[in-house]
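Undergrad: My questions concern the predicted model and sequence given below.
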Amino acid sequence: MRGGTLRNLLVQSIIAHAPGRVELLGNHTDYNEGLVLSAAIDRGVTVHGGPRTDGRISLTSLALEKRVTVPIQDFDKQKDEDWANYALGVVRTFANHGFQMSGFAMEIVSDLPIGAGLSSSAAIEVATATFLRKIFHWDIEPLRLAKLCRQAENEFVGVNCGLLDQVSSVFGKKNSAIYLDCRQETVETIPFPGEVALLITHSGIKHALVGGEYNERRERCFSAAKKMGARALRDVTSGELEGSRDKLTNLEYRRAAHVVGEIERVSQGIEFLRTGNSRGFGELMYASHESSRTNFENSIPELDMLVHIAHDEDAVFGSRLTGGGFGGATVSLIEASQAQRIAEKMEKEYKKQTGNECRTYLCEIDDGAR
Ligand code: GLA
């Protein structure tokens with residue numbers, strides 16, 4: 001990298017950080033106008049740089065040792081540099097909404113495992129927007145910032161994700177869960193019970209949302225809601241779903257059962273969190289995973305194996321896949337004093353059962369973008 005040249009072009013230097021997130025409960029509910037519980041974690045994306053005086057944007061990935069430089073007025077989606085599109089999407093979307101900016105240089109560093117389903121893409125978007133807000137003195141509400149980052153991912157990157165990832169990265173609060181109502185677009189933080197640890201275990205199988213599975217699941221949820229005369233699956237209870245079963249194909253029924261069940265589990269989960277009932281919350285996590293496995297079919301055998309290993313341990317309150325699915329990681333809620341031992345056991349057992357390596361991360365719940 002020609003660091004010297006880059007530094008000469010910078011007028012000032014700004015650092016921004018946006019955390020990754022772990023979805024605790026409420027799988028695939030966000031685009032169904034439902035409820036989600038998540039938390040920001042102590043890993044994320046840090047960006048660093050400042051304005052350039054030549055009207056160009058230069059983005060550098062330190063991990064990939066790659067740089068993309070484009071004129072701010074005229075750029076397209078990068079065909080061979082996917083990593084750059086998250087930041088470029090933010091530039092395009094905010095510019096389209098009237099936010100003033102000129103050229104800038106930005107270096108990107110991340111300690112989020114790629115493909116683990118911990119929202120490295122949203123973390124890049126939110127870090128970029130936070131960085132640009134600071135440099136160009138934008139006056140913007142946090143929720144609007146999260147929504148424009150989501151729009152960047154929907155329209156520029158081309159993934160129809162809901163609002164969960166960006167909201168979690170913006171609104172994270174140390175030692176608290178984030179409760180998002182995707183219809184009301186309200187965010188609340190709920191203190192997380194003490195004495196419990198969050199263990200994230202990456203199966204090593206990369207999940208890629210850019211694939212078609214995610215969008216296919218969305219369509220199936222929308223068609224199920226439509227056939228039941230509902231605006232969204234948010235409006236359907238599990239009793240109503242049973243009553244409408246013959247209006248739906250088997251696949252629509254099972255997809256809808258997952259989402260409707262998840263929304264109900266989040267409502268229960270909030271009460272368990274508020275009363276510090278980690279065991280009760282954990283049972284909902286196991287139920288969520290089982291529904292992913294059988295109804296939504298967004299699990300894979302490796303994630304099932306990780307949940308199975310966790311389930312054998314009394315000190316694990318609950319475990320489930322986290323995020324989009326189709327690979328990625330599980331999240332387990334564990335008695336803090338046992339967390340290290342269980343992390344080691346997960347790695348050993350997984351290797352024994354599958355022949356592959358998994359990676360464990362004991363995470364702290366952290367603050368949002370800053
Ligand atoms: C991905 C998407 C989110 C959400 C989850 C599943 O992380 O980006 O919007 O839909 O999957 O809950």
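TA: Nice, thanks for sending it over.
Undergrad: contacts, neighbours, all on C-alpha from now
TA: Will do.
Undergrad: Residues of the chain that sit close to the ligand?
TA: Neighbours of the ligand within the chain, by C-alpha under 6 Å from any ligand atom: 27, 28, 29, 30, 161, 162, 163, 164, 165, 323, 324.
Undergrad: so which of these is the most crowded?
TA: Within the residues of the chain next to the ligand, most neighbours by other C-alpha atoms under 10 Å means residue 164, with 32 neighbours.
Undergrad: Name the nearest residue to it, ignoring sequence neighbours.
TA: residue 30 (6.2 Å; C-alpha to C-alpha, 6 or more residues apart in numbering).
Undergrad: Please enumerate the strands of the stretch 201-350 of the chain.
TA: Using DSSP state E, counting those that start in this stretch, the strands of the stretch 201-350 of the chain run over 316-321, 329-335.
Undergrad: What is the longest one packed up against?
TA: Under the contact criterion of 3 or more C-alpha pairs under 8 Å, 6 or more residues apart in numbering; DSSP states H and E, the helices and strands touching strand 329-335 comprise strand 196-202, helix 301-311, strand 316-321.
Undergrad: what's the angle between that strand and strand 316-321?
TA: Inter-element angle recorded for strand 329-335 and strand 316-321: 170 degrees (by axes from the mean of the first three to the mean of the last three C-alpha atoms, to 10 degrees).
Undergrad: Just the mean pLDDT for strand 329-335, thanks.
TA: What strand 329-335 shows for mean pLDDT is 98.
Undergrad: Relative to it, what are the paired strands and their orientations?
TA: Sheet pairing here is set by DSSP bridges, and for strand 329-335 it gives strand 196-202 (antiparallel), strand 316-321 (antiparallel).
Undergrad: With just CA atoms, put the longest one into CSV.
TA: Going back to what we said before, that points to strand 196-202. Taking Å, rounded to 0.1, in the frame of the first residue of the first chain, the C-alpha atoms of strand 196-202 are listed here in CSV:
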residue,chain,number,x,y,z
VAL,A,196,-24.5,-15.8,31.8
ALA,A,197,-22.1,-15.8,28.9
LEU,A,198,-22.8,-15.8,25.1
LEU,A,199,-20.8,-18.3,23.2
ILE,A,200,-20.8,-18.0,19.4
THR,A,201,-19.6,-21.0,17.5
HIS,A,202,-18.9,-20.7,13.8
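Undergrad: what's the distance between that strand and the middle of its chain?
TA: The chain centre lies 15 Å from the centre of strand 196-202; the measure is C-alpha atoms, centre = their mean, to the nearest Å.
Undergrad: hey, where'd the helices end up in the stretch 1-150 of the chain?
TA: Under the criterion DSSP state H, counting those that start in this stretch, the stretch 1-150 of the chain contains helices at 3-9, 82-96, 120-136, 142-152.
Undergrad: any idea which of those is most buried?
TA: helix 120-136 (a mean of 26; mean count of other C-alpha atoms under 10 Å).
Undergrad: okay but residue 369 is in contact with residue 127, surely?
TA: Yes - the criterion here is C-alpha atoms under 8 Å, and residue 369 meets it with residue 127 at 6.8 Å.
Undergrad: so where is the stretch 201-350 of the chain shaky, pLDDT-wise?
TA: Applying pLDDT under 70 to the stretch 201-350 of the chain flags residues 208-211.
Undergrad: Now do the helices for it: every range, in order, please.
TA: Counting by DSSP H, counting those that start in this stretch, the helices of the stretch 201-350 of the chain are 212-227, 238-243, 250-274, 278-291, 301-311, 339-354.
Undergrad: and residue 317, which of those helices is closest to it?
TA: helix 278-291 (4.5 Å; C-alpha to C-alpha).
Undergrad: So residue 184 belongs to a strand, correct?
TA: No - Residue 184 is assigned coil when assessed by DSSP: H, G, I helix; E, B strand; the rest coil, not a strand.
Undergrad: count of neighbours near it?
TA: 10.
Undergrad: can you tell me the residue of the stretch 251-370 of the chain closest to the ligand?
TA: residue 324 (3.3 Å; C-alpha to the nearest ligand atom).
Undergrad: what's the closest non-adjacent residue to that residue?
TA: Among residues not flanking residue 324 along the chain, residue 117 sits closest, at 6.5 Å (C-alpha to C-alpha, 6+ apart).
Undergrad: Quick check, that neighbour in contact with residue 326.
TA: No - here residue 117 lies out of contact with residue 326, judged by C-alpha under 8 Å, at a distance of 9.4 Å.
Undergrad: Comparing those two, which residue is more hemmed in?
TA: Using other C-alpha under 10 Å as the criterion, residue 117 and residue 326 rank with residue 117 on top: 29 against 23.
Undergrad: contacting residues around that one?
TA: Shown in contact with residue 117 (C-alpha atoms under 8 Å, 6 or more residues apart in numbering): 207, 322, 323, 324, 325, 327, 328, 329.
Undergrad: What of residue 78?
TA: 84, 85 are the contacts of residue 78 under C-alpha under 8 Å, 6+ apart.
Undergrad: So what does it look like in phi/psi?
TA: phi -80, psi 120 (degrees, to the nearest 10).
Undergrad: what's the pLDDT at it?
TA: 96.
Undergrad: Likewise for the one 5 residues further on?
TA: Looking at residue 83, its pLDDT is 93.
Undergrad: Could you chop the protein up by domain?
TA: By the assignment in automatic domain parsing, the chain contains the domains 4-191, 196-363.
Undergrad: picking that back up, of all the helices of the stretch 1-150 of the chain, which one comes closest to residue 199?
TA: helix 120-136 (17.5 Å).
Undergrad: any idea how far residue 171 is from residue 102?
TA: Plainly put, residue 102 is 27 Å away from residue 171 if you go by C-alpha to C-alpha, to the nearest Å.
Undergrad: out of the two, which sits in the busier spot?
TA: More crowded of residue 102 and residue 171, by other C-alpha under 10 Å: residue 171, with 24 against 17.
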